[in-house]
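Trainee: I'll drop the sequence and a predicted model, then ask my questions.
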Amino acid sequence: MSTIVVGYVPNALGDAAVEEAIHEARRRDAGLVVVNTTRADRLVDPGYADDTDVSRLEGKLAASNVKYEIRHGTSDATAAEEVLEAAESLNAELLVIGLRHRTPVGKLIMGSTAQTILLSARCNVLAVKLP
Amino acid sequence: MSLLEGFAVAAQPMYLLFALGGVLVGTAVGVLPGIGPAMTVALLMPLTYSLEPTAAIIVFAGIYYGGMYGGSTTSILLNTPGESSSIVTALEGNRMAKAGRGAAALATAAVGSFIAGTIATVLLSFVAPYVAAFAVQIGPVEYVALMVVAFLTVGALLGSSVLRGLASLALGLFIATMGFDSLTAQQRYTFGSPFLADGIDVVLVAVALFAVGEALYVASRLRHGPIKVIPVTGGWTKWMRKEDWRRSWRPWLRGTVIGFPVGTIPAGGADVATFLSYASERKLAKGARKKQFGKGAIEGVAGPEAANNAAAAGVLVPLLTLGIPTTATAAMLLVAFQRYQIPVGPQLFENDSALVWALIASLYVGNLMLLVLNLPLVGIWVKILQIPRPYLYAGILVFAALGAFSVNFTPIDVIILLILGILGFFMRRFGYPVAPMVVGLILGPIFENQLRRSLAISQGDPVALVSSPIAAVIYVVLIIIFVLSFWMRKRQSALEAETTADLEDDVDDGTGTPRASAAPGGPDADGTSGTAPAVSGDPVGPADPGAAAGVPGARSAHGPDTVSGGAHSGASSTKNRKEGP
């Protein structure tokens, strides 16, 4: 059975990515692996799902009747590396991530998780836009 | 009139910009836990090389006031007090935020800080000249008495343990004696090294303890699970309802009345004032509002926030009139004055009145700026918390090393910085407060001079130290302060015990009845959930399993293998894998 890896963030974009991934998983008859990690090196990380977010995500996945797995926790690697590593080790068929606009200042200061994943992934990447 | 002249100086565009820069930096460091105004002023001490005194002092005062404002934001939205003086704010403020009233809590904190800060600055402008006029008349003997008061109160009252505080103070006094003896020019504790002949610079010690020690401490526990910010909704103009104003204004005024005198007498700075204010608000509340305490009472935010700002102004009274700092930040302000060779003490109001009044006027201006900045910019302050710690502390360490090098332009100073920084790490690790050490180091040389001078006058008779009437009064006051502060300590710990007991009760409620059944419309048997819906009583924020237990359905179907356990266990690189059906 093939696998689809999703990079999840607890916001509308992350939810859209998961929706789309569920859709793909049904179409391809594949299992889902949802990845959400933090390096925990800052006080506030808006990209990290807390317990409420994870329960909500689980509810959604359970309702979809797709075989799923959630990888959630702290890790030394960046979020992009975690997602890529998951896709690599599971020999994933497809990677699903959310893609959003960035401000010029944001581009200057911050790296892009999405860009790293898009360029370094071995498999196809489905970039989901905000509905 | 002199105050008006001060305003004329402070209102110059250049100084307004400096004040703005100061309060911005101050608020930012106030928001960040572990990074305080004292560390920031210490790091920015090299500014004194390039700026003229008025500008530098205005920047530092802005940082000092800004730190008081910034601390409340993290207390309310994250339950992580940015400053020690905001600990009490977290008690009620975070509850309010969880109940969706975060905006009101932020607003009452900001407006209360503004009102208290302004009133207290007015008090400062009126009280300080009189204290200074009195202080001019005192001689070395009285000065020694005042120093003893400062040493003992700062050493014994800052921090949680008297012995550790005094140990830290003694260490500071020891470092202060290093270098040339000022009267006989003998070398002391220099090990014959020319680098130590001038002693160890105060800035070096302060930067090492505040910045390097803190950075090492944070590095030793770098990866800690992130905390969720409680989002603030709605435009900031609608933050406070009419009822909030009505309930807030009395606590604001009471907080001011409590905070200013507590700040003025050296009794542990702003922290004590906030606890006193919280306790009195709790006591004065009646009926339904009393029940609301521990569940998000707006009075419990308004009072302490006003008190800590009033105390911040109060601290400046002994600093500017007697040259005695009672908090770490005040100590760093004193160092800034010393850097400019401006003797801080009774003569300050006479010799440098233009500077002092410009400083006081800039406090008024800074307060107004902080009010304007804080309310609309909360989103930006919260963003600061997303800066990864490695970047933040790398920057701090660079500034620290630069500051250390700039003291004498020798690399030896950087090595001393590192050694003292390691000392600071262990002090932090084992609960020794660093502020008494810095205060001891700054006041040590002055104390030694005055002591030896008064002993020289009395020809070595130590009785002279207590026989002067003013000195005797000061010592009696010292005893009273100690008795009072120990009484306040007791009250404070009783209050803390009471509050934590309340919290535990709440937690029992929370886990016993999942949120689904305690929701409005459900059985409201315990009566407390009526005033506070949702999860009011979790002390640890989002990591509380009680919060997750409220989500029905899918979760319980997967049995005890909950995601919450591993994710927040704090160990690095733990991953929680979970198979679906």
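Mentor: Looks like it arrived, so ask away. Numbering: from 1, shown residues only, chains lettered A, B, ... in the order given.

Trainee: CA atoms for contacts and neighbours, from now on please.
Mentor: Will do.

Trainee: can you tell if the lowest-mean-pLDDT helix or strand in chain A touches chain B?
Mentor: Every helix and strand in chain A was compared by mean pLDDT, DSSP states H and E; the lowest is helix A:104-109, with a mean of 74. No - between helix A:104-109 and chain B, judged by C-alpha under 8 Å from any C-alpha of the partner chain, nothing touches; the nearest distance is 11.0 Å.

Trainee: and for residue 11, the neighbour number?
Mentor: If you meant another chain, say so; for now it's chain A. Neighbour count for residue A:11, taken as other C-alpha atoms under 10 Å in any protein chain shown: 13.

Trainee: I was thinking of chain B, sorry if that wasn't clear
Mentor: With other C-alpha under 10 Å as criterion, residue B:11 counts 17.

Trainee: residues in contact with it?
Mentor: residue B:362 (C-alpha atoms under 8 Å, 6 or more residues apart in numbering or on different chains).

Trainee: what does residue B:155 give?
Mentor: Applying C-alpha under 8 Å, 6+ apart, the residues near residue B:155 are B:162, B:165, B:166, B:168, B:169, B:436.

Trainee: equivalent analysis for residue B:211, please.
Mentor: B:39, B:43, B:396, B:397, B:400, B:421.

Trainee: now, the most widely separated pair of the residues you listed?
Mentor: B:43 and B:421 (13.5 Å; C-alpha to C-alpha).

Trainee: which residues in chain A form strands?
Mentor: Using DSSP state E, the strands of chain A run over A:3-7, A:31-38, A:68-74, A:94-98, A:124-128.

Trainee: same list (the ones you listed) but as CSV, adding mean neighbour count and distance to residue B:218.
Mentor: As requested, those are exported to CSV (neighbours: other C-alpha atoms under 10 Å in any protein chain shown; distance: least, C-alpha to C-alpha, whole Å):
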stretch, mean neighbour count, distance to residue B:218
strand A:3-7, 26, 29
strand A:31-38, 25, 18
strand A:68-74, 25, 17
strand A:94-98, 25, 33
strand A:124-128, 17, 37
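
Trainee: can you give the distance from whatever helix or strand residue B:366 lives in to the centre of its chain?
Mentor: If you go by DSSP states H and E, residue B:366 is part of helix B:353-374. In terms of C-alpha atoms, centre = their mean, to the nearest Å, the gap separating the centre of helix B:353-374 from the centre of its chain is 19 Å.

Trainee: likewise for stretch A:2-19?
Mentor: With C-alpha atoms, centre = their mean, you get 5 Å for stretch A:2-19.

Trainee: stretch B:395-415 too?
Mentor: How far stretch B:395-415 lies from its chain's middle: 25 Å, per C-alpha atoms, centre = their mean.

Trainee: show me which residues of the stretch 251-400 of chain B are close to chain A?
Mentor: So the stretch 251-400 of chain B meets chain A at B:385, B:386, B:387, B:388, B:389, B:390 (C-alpha under 8 Å from any C-alpha).

Trainee: what parts of chain A come near chain B?
Mentor: A:38-46, A:48, A:50-52, A:54-56, A:58-59, A:62, A:65-76.

Trainee: so which of these are in helices?
Mentor: Among those, the residues falling in helices (DSSP state H) are A:51, A:52, A:54, A:55, A:56, A:58, A:59, A:62.

Trainee: of the contacts of residue B:211, which is the most crowded?
Mentor: Counting neighbours by other C-alpha under 10 Å, the top entry in these is residue B:400, with 29 neighbours.

Trainee: check contacts around that residue.
Mentor: Residue B:400 neighbours (C-alpha under 8 Å, 6+ apart): B:43, B:207, B:208, B:211, B:212.

Trainee: can I get those residues in TSV including secondary structure and pLDDT?
Mentor: TSV is the format used below for the contacts of residue B:400 (DSSP: H, G, I helix; E, B strand; the rest coil; pLDDT from 0 to 100):
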residue	secondary structure	pLDDT
B:43	helix	92
B:207	helix	91
B:208	helix	93
B:211	helix	91
B:212	helix	93
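
Trainee: so how far is residue A:66 from whichever residue of chain A sits closest to chain B?
Mentor: Here the residue of chain A nearest chain B is residue A:75; by C-alpha to the nearest C-alpha that distance is 3.8 Å. To residue A:66, residue A:75 is 26 Å away according to C-alpha to C-alpha, to the nearest Å.

Trainee: residue B:43 and chain A, how far apart?
Mentor: Relative to chain A, residue B:43 is positioned 22 Å away (criterion: C-alpha to the nearest C-alpha, to the nearest Å).

Trainee: quick one: that residue and residue B:403 touch, right?
Mentor: Yes - if you go by C-alpha atoms under 8 Å, residue B:43 and residue B:403 touch, sitting 6.4 Å apart.

Trainee: so what sits against both of those two?
Mentor: By C-alpha under 8 Å, 6+ apart, the residues touching both residue B:43 and residue B:403 are residue B:207.

Trainee: what's residue B:198 in contact with, if anything?
Mentor: Contacts of residue B:198 by C-alpha under 8 Å, 6+ apart are B:178, B:179, B:180.

Trainee: isn't the last one right up against residue B:199?
Mentor: Put plainly, it is residue B:180. Yes - judged on C-alpha under 8 Å, residue B:180 makes contact with residue B:199 at a distance of 7.1 Å.

Trainee: report the buried residues of the helix or strand hosting residue B:103.
Mentor: Using DSSP H and E, residue B:103 maps to helix B:102-136. Burial within helix B:102-136, assessed by neighbour count using 16 or more other C-alpha atoms under 10 Å in any protein chain shown, is assigned to B:102-125, B:128-129, B:131-132, B:135-136.

Trainee: that one: what's the following helix or strand?
Mentor: Next along from helix B:102-136, by DSSP H and E: helix B:140-157.

Trainee: after that following helix, next one along is what?
Mentor: helix B:162-176.

Trainee: can you tell me what sits against that following helix?
Mentor: B:151-152, B:154-159, B:199-200, B:431-434, B:436-442, B:444-445.

Trainee: that one to helix B:140-157, inter-axis angle?
Mentor: Interaxial angle, helix B:162-176 versus helix B:140-157 (axes from the mean of the first three to the mean of the last three C-alpha atoms, to 10 degrees): 130 degrees.

Trainee: what residues of stretch B:169-176 count as buried?
Mentor: B:169, B:170, B:171, B:172, B:173, B:175, B:176.

Trainee: where does chain B have low pLDDT?
Mentor: For chain B, the stretches with pLDDT under 70 are B:1, B:82, B:157-160, B:222-229, B:231-239, B:266-269, B:496, B:498-581.

Trainee: kindly recompute the last result at 50.
Mentor: B:506-581 (pLDDT under 50).
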